[in-house]
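Q: Provided below for reference: sequence and predicted model.
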Amino acid sequence: MKDHDTLEHRLTQQGISRRSFLKFCTAMASLMALPPGTAPAIAAALAQAKRPSVIWLSFQECTGCTESLTRSHSPTLESLIFDMISLDYHHTLQAASGFAAEKSREDAMKDFYGKYLLLVDGSIPTKDNGIYSTIAGRTNLDLLQEAAKGAAAIVAVGSCAAFGGLPMAKPNPTGAAPVSDLIKDKPIINISGCPPIPSVITGVLAHYLTFGELPALDELGRPKAFYGETIHDRCYRRPFYDQGKFAKTFDDEGARNGWCLYELGCKGPTTHNACATTKWNGGAGFPIEAGHGCLGCSEPNFWDAGSFYTPLAAPTSNIGAIAGAAALAGAAAAVALSAADRAKKKSLQQTHEKLTVKDISN
Amino acid sequence: MKDHDTLEHRLTQQGISRRSFLKFCTAMASLMALPPGTAPAIAAALAQAKRPSVIWLSFQECTGCTESLTRSHSPTLESLIFDMISLDYHHTLQAASGFAAEKSREDAMKDFYGKYLLLVDGSIPTKDNGIYSTIAGRTNLDLLQEAAKGAAAIVAVGSCAAFGGLPMAKPNPTGAAPVSDLIKDKPIINISGCPPIPSVITGVLAHYLTFGELPALDELGRPKAFYGETIHDRCYRRPFYDQGKFAKTFDDEGARNGWCLYELGCKGPTTHNACATTKWNGGAGFPIEAGHGCLGCSEPNFWDAGSFYTPLAAPTSNIGAIAGAAALAGAAAAVALSAADRAKKKSLQQTHEKLTVKDISN
Amino acid sequence: MNPQELLLWVRGTGLQLATAVCVLGMTYRLLHLALLGRKKNLAEARGSEWGPGLRTMWRRSFVLPELSARGKFTVVAGYTFHFGFFITLLFLSQHIAMLRAVLGFGWPALPHSAIEIAAILTLAAMIALLVHRYMDPVKRMLSGFEDYLTWLLTFLPLLSGFMLLHGIGPAYTQMLTLHLLSVELLLIAIPFTKLAHMLTTFSARWYNGAFAGYKGVKA
Amino acid sequence: MNPQELLLWVRGTGLQLATAVCVLGMTYRLLHLALLGRKKNLAEARGSEWGPGLRTMWRRSFVLPELSARGKFTVVAGYTFHFGFFITLLFLSQHIAMLRAVLGFGWPALPHSAIEIAAILTLAAMIALLVHRYMDPVKRMLSGFEDYLTWLLTFLPLLSGFMLLHGIGPAYTQMLTLHLLSVELLLIAIPFTKLAHMLTTFSARWYNGAFAGYKGVKA
């Protein structure tokens, strides 16, 4: 399992032609909006890349991220790349189990100390000393801190690892936290999404193998090449937003005409991801193309950002009740102070003094 | 070749499941923007539809339309439908040749007089008695007029048959004309495009088989369901048009960012077709998705509508030369009339009369 | 606090706070005015109060000929701004979606291009009124800090909304946050500033009319 | 003639005709004015002609204090309309693409939202000026058929262009045809109407300045 031969050698072994490989590199370069001349450079670097050791830790998660990645739409090449770098430890994908599995993780951590990539999916429970999720008797927190020490960089795969995701949603019973809240001394790249787009992780790994460093990140630690624009920026329904044509229900005329889903709760305008351009399932489409608004799954706190079916313009808490209570309080104050004014007036009248504007409450 | 059994029977024979057939009917219903409830009606009608006799005549054309239709992206079902209705006569697709081929055409015209569908691709030369294109020694014009007599309806497939296309472009050496210019007493449906979208013709035929009549047409005789909106209306690059962000060359930053191709000559705003929604090659894309502006191939006279690479706003003829000539003419007129005025003034001065404003030229 | 959390706060707690301040303040002001305890008018009523009161509320909402001495500019720009503001506020589809979520019902929106025209004319009228306020010697003398403050608080929601719809400036998340914040600032300011005239102006007009009506004078 | 052929005609022959009429007419008018053959001024020149002429061309393009008697409204709306019209004409990307095709060179466009603001303000100013022309007794007396005609011919290209960009009204092909036709009507009308002032106004200003300059009077 530790034959660090080159990617080119492995590809040839697997019967992948150089033509297919170059096509893949060109697609990656265009996906990351690199200049066209970069494709050969990526090809040259990838072909000679030594297989880096990778440890993949899965914490509080639903395996959706792994499912998404292993079902990538052009599985031969992308899963090969993925496969090539991810064999040392992965709960779901590895053949080993029990002590043997833990042993291979410990060996990799020792042998490639300071050099391995740590991939994490799932959030980490921190409440009650993290006892809400343990593997081989050890808490997720413990495993993460141990593995992070020797990592060259950490890739947080999916919104749970990147931002806490569903486990961290209110009331967050396990005290779940994202990787970046717990590890502060390592470069962390967040590949958010529930699940993330398969080619985004492939792209990030190809970038790391080619240039030996992580790509440029936004303020939330996500690779700018993929999270630089919103769904709304590239949505094919955007013209209808600009014209003010909105579907009001999921089966009205507007919905049939493909109008904008803003009023049905689409979070596209505030969601940074590449769905609208890379699409899903081999380019078949993305949620909005299927007639459902964007949930905003690649943004922090998306489970707590109000209903998925409430327009972005709508308040996320009850305004009517507050307004009613405020009106009552205002009325009460007015009545009380007016009564005080009248009492004052009466007492002044008795002493034959006059009430002036300055005397009454304001 | 004349077994008029039902479509359902034939489908079963070919091993097509009822489920696939219903999927096809639903897709057709949604493509033609019919209410969802129509799909079962289409299925019921299609299943019981008798195979109508169809004669397909090819005139001045490049076989691109036939190529497009037979390479439809889900060939099993669509080509089956297509096949089912088109076997009586088709130059390219039929097995028969020579006298046998012409015989089968004549038999079909006689046996199904008044009931067969006539499909035409290619334009018809009319100059010099139409001698520029003949089949079996007879001119296209003659063949068309003969076949049109007994036709229930005529489907003009492709821009050549519908609007004259390339053969009719200036200087139109063969006097090429579209079907609608030559036949005035039959219902004609134009399925324009160079080539037309395969599923559009399948949709029109499915509509004819289901409802026994042609679908609603626009003022140019095209089915409204497919030609009711422009490419621009549904273009995924439309937001950039609305924001005024345009690619200036085919490889600048704007082009790489996927901005609008208007300034590179895209004719999307004035072109009615379904490319932006149905796409081509199994949904892989359409020209604008490949980075090239729309040529306007489904509109009349698209070969003569100025360069494919000139913006819609630009004049189609030389304005500079005209302006220069007009300036010279204006200057000459001013000099000549001023000279006349001066001469008049001089002669008036000699008779001691005065030149008034009324006397001078205007 | 990341941008999403900030947006969530302005859509939730922030909006609740602003609404509470605005509603409480305005209820207090209006009711306090009504309960001021004016002396009972002992004269016999020579006419009704309600009819003339309501009529005056209505009539004073339109320019009377004798008022055009104020200058055509102020009248035209002022009406453009007030009408444009309320068209933008009440007939933009996004605003209706918001009001529907709060009130439980909505109404048809105007097309975006109509809103755009209203918004641009409103912004232009407000800028013209500001310039006029500063250039005109009399108006300038009469203007204090509060006049410029309320102008700014009214202008910001319009400007940020226009930028949001046109994709000008920061990303949508940040721009929507700024727009909502500017609205909340405006809501909070209403009861404490001249902006309260949006309600008191009508009660004042009613009072004038009712007073005249009671005396049997044509209001 | 189908819609595509009609569009092709207005983009081709129609535009050629309109340009020819406009250029021929304006060249004739300007040159004819220059060659009118005024009597030679026999007085000794007390100053230069060119300097004061150019200075007057420049100075009269801006409002002089003494002219504000014309009324602020006319001045503000008039300038808004003229500036807005030329911003829309010269800085919309589609117009630049057109001019580049004719002239062989172009320049950077303004963002669409800026053009939109200019266009809406221009349209509003024109409507306001029309209303004012009709309402103001003096202006109304002074106005004839030509004044309303030239207003309409100037308004139509702006309105049809706005509708074209916003997808209001008929399909793009028809709307573009209408927009180009309205522009061609305007071009044809220029030499025969008061619209010729777009060039003659500058020569007239120069003449005034030069005349004063020759006499040594401060222009």
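A: Everything's here; your move. Numbers count the residues shown, from 1 in each chain, chains lettered A, B, ... in the order given.

Q: pLDDT below threshold where in chain C?
A: Low-confidence segments of chain C (pLDDT under 70): C:37-39, C:62-71, C:218-219.

Q: repeat that for 50
A: For chain C, applying pLDDT under 50 flags the ranges C:66.

Q: residues from it in reach of chain B?
A: For chain C, the residues in contact with chain B (C-beta under 8 Å from any C-beta of the partner chain) are residue C:167. All C-beta spots, glycine's among them, are computed from the backbone N, C-alpha and C.

Q: Smallest gap between chain C and chain B, at which residue?
A: The minimum distance from chain C to chain B, using C-beta to the nearest C-beta, falls at residue C:167 (6.4 Å).

Q: Surely residue C:100 touches residue C:108?
A: No. With contacts counted by C-beta atoms under 8 Å, residue C:100 stays clear of residue C:108, the gap being 11.5 Å.

Q: hmm, back to that, just list the residues touching the residue nearest to the residue of chain C closest to chain B when sequence neighbours are not counted, thanks.
A: Once flanking residues are discounted, residue C:167 sits nearest to residue B:243: 6.4 Å by C-beta to C-beta, 6 or more residues apart in numbering or on different chains. Neighbour list for residue B:243: C:167, D:111, D:112 [criterion: C-beta atoms under 8 Å, 6 or more residues apart in numbering or on different chains].

Q: helix/strand/coil for residue A:94?
A: Following DSSP: H, G, I helix; E, B strand; the rest coil, we place residue A:94 in the coil state.

Q: Pull the number of nearby residues for it.
A: By other C-beta atoms under 10 Å in any protein chain shown, the residues close to residue A:94 number 17.

Q: Quick check: it vs chain B, distance?
A: The spacing between residue A:94 and chain B, counted by C-beta to the nearest C-beta, to the nearest Å, is 37 Å.

Q: burial count for the closest residue to that residue other than its chain neighbours?
A: Distances taken as C-beta to C-beta, 6+ apart put residue A:101 closest to residue A:94, at 6.1 Å, once the chain neighbours are dropped. For residue A:101, the count of nearby residues is 17 (other C-beta under 10 Å).

Q: my guess is residue A:101 meets residue A:90, correct?
A: No. Contact criterion C-beta under 8 Å: residue A:101 and residue A:90 do not qualify, at 9.2 Å.

Q: Let's check: the centremost residue of the chain is which one?
A: No chain was given, so I picked chain A. The centroid of chain A falls nearest to residue A:192 when counting by C-alpha atoms, centre = their mean (2.4 Å).

Q: actually it's chain C I care about, not the one you picked
A: residue C:198 (4.9 Å).

Q: Tell me the buried residues in stretch C:120-139?
A: By 16 or more other C-beta atoms under 10 Å in any protein chain shown, the buried positions in stretch C:120-139 come out as C:120, C:121, C:122, C:123, C:124, C:125, C:126, C:128, C:129, C:130, C:132, C:133.

Q: Kindly apply the preceding question to stretch A:205-214 instead.
A: Buried positions in stretch A:205-214, judged by neighbour count with 16+ other C-beta under 10 Å: A:205, A:206, A:207, A:208, A:209, A:210, A:214.

Q: Now the element after the helix or strand containing the fourth one, going C-ward?
A: Taking DSSP states H and E as the criterion, the element that holds residue A:208 is helix A:198-211. Scanning forward in sequence from helix A:198-211, with DSSP H and E defining helices and strands, the next element found is helix A:224-227.

Q: ok, back up a step: on contacts alone, who are the packing partners of the helix holding residue A:208?
A: Packing contacts for helix A:198-211, counted by 3 or more C-beta pairs under 8 Å, 6 or more residues apart in numbering or on different chains; DSSP states H and E, involve helix A:18-31, helix A:38-48, helix A:64-70, helix A:75-85, strand A:151-157, strand A:188-191, helix A:224-227.

Q: To residue A:266, which of those lies closest?
A: Closest to residue A:266 of these, according to C-beta to C-beta: helix A:224-227, at 17.8 Å.

Q: other SSEs contacting that closest one?
A: Here helix A:224-227 touches helix A:198-211, going by 3+ C-beta pairs under 8 Å, 6+ apart.

Q: Phi first, then psi, for residue A:138.
A: Dihedral pair for residue A:138: phi -110, psi 150, per degrees, to the nearest 10.

Q: now the closest residue to chain C within the stretch 51-200 of chain A, nearest residue through space, not along the chain?
A: Using C-beta to the nearest C-beta, the closest approach of the stretch 51-200 of chain A to chain C is made by residue A:163 at 8.5 Å. Excluding the flanking residues, the one nearest residue A:163 by C-beta to C-beta, 6+ apart is residue A:300, at 4.1 Å.

Q: Show me the shaky parts of the stretch 101-250 of chain A.
A: Looking at the stretch 101-250 of chain A by pLDDT under 50, you get an empty list.

Q: name the element the residue of chain C found nearest chain A belongs to?
A: Nearest residue of chain C to chain A: residue C:27, at 3.0 Å (C-beta to the nearest C-beta). Per DSSP H and E: residue C:27 is located in helix C:15-34.

Q: That helix: which residues count as buried?
A: Going by 16+ other C-beta under 10 Å, helix C:15-34 has these buried residues: C:15-32.

Q: For it, what is the distance to the chain centroid?
A: 15 Å (C-alpha atoms, centre = their mean, to the nearest Å).

Q: Skip ahead from that helix and say which helix or strand is next.
A: Tracing the chain past helix C:15-34, the next element assigned as helix or strand by DSSP H and E is helix C:50-59.

Q: Residues touching that following helix, excluding its own?
A: Under C-beta under 8 Å, 6+ apart, the answer for helix C:50-59 is C:202, C:205, C:206, C:207, C:208, C:209, C:210, C:212, C:213, C:219.

Q: Return the subset of those residues lying in helices.
A: Using DSSP state H, C:202, C:205, C:206, C:207, C:208, C:209, C:210, C:212, C:213 are the members of these that sit in helices.

Q: Now which of the residues you listed would you call buried?
A: Buried members of those, counted by 16+ other C-beta under 10 Å: C:202, C:205, C:206, C:207, C:208, C:209, C:210, C:212, C:213.

Q: show me where chain C has helices.
A: Secondary structure of chain C by DSSP H: the helices cover C:3-9, C:15-34, C:50-59, C:72-91, C:93-103, C:112-135, C:137-142, C:145-166, C:172-189, C:197-214.

Q: buried ones in the third one?
A: Of the residues in helix C:50-59, C:52, C:53, C:54, C:55, C:56, C:57 count as buried by neighbour count, 16+ other C-beta under 10 Å.

Q: Could you tell me which residues make contact with the residue lying closest to the first one once chain neighbours are set aside?
A: Using C-beta to C-beta, 6+ apart and skipping residues adjacent in sequence, the residue nearest residue C:52 is residue C:213, 2.9 Å away. Residues touching residue C:213, when contacts are defined by C-beta under 8 Å, 6+ apart, comprise C:47, C:48, C:49, C:50, C:51, C:52, C:53, C:219.

Q: circling back: neighbours of the residue nearest to residue A:163, just the number please.
A: 23.

Q: what about the closest residue to chain C within the stretch 101-250 of chain A, how many neighbours?
A: Residue nearest to chain C within the stretch 101-250 of chain A (C-beta to the nearest C-beta): residue A:244, separated by 3.5 Å. Counted with other C-beta under 10 Å, the burial measure for residue A:244 works out to 21 neighbours.

Q: residues contacting it?
A: C:92, C:93, C:109, C:110, C:111, C:112, C:115.

Q: Then residue A:64?
A: For residue A:64, the contacting residues are A:158, A:194, A:195, by C-beta under 8 Å, 6+ apart.
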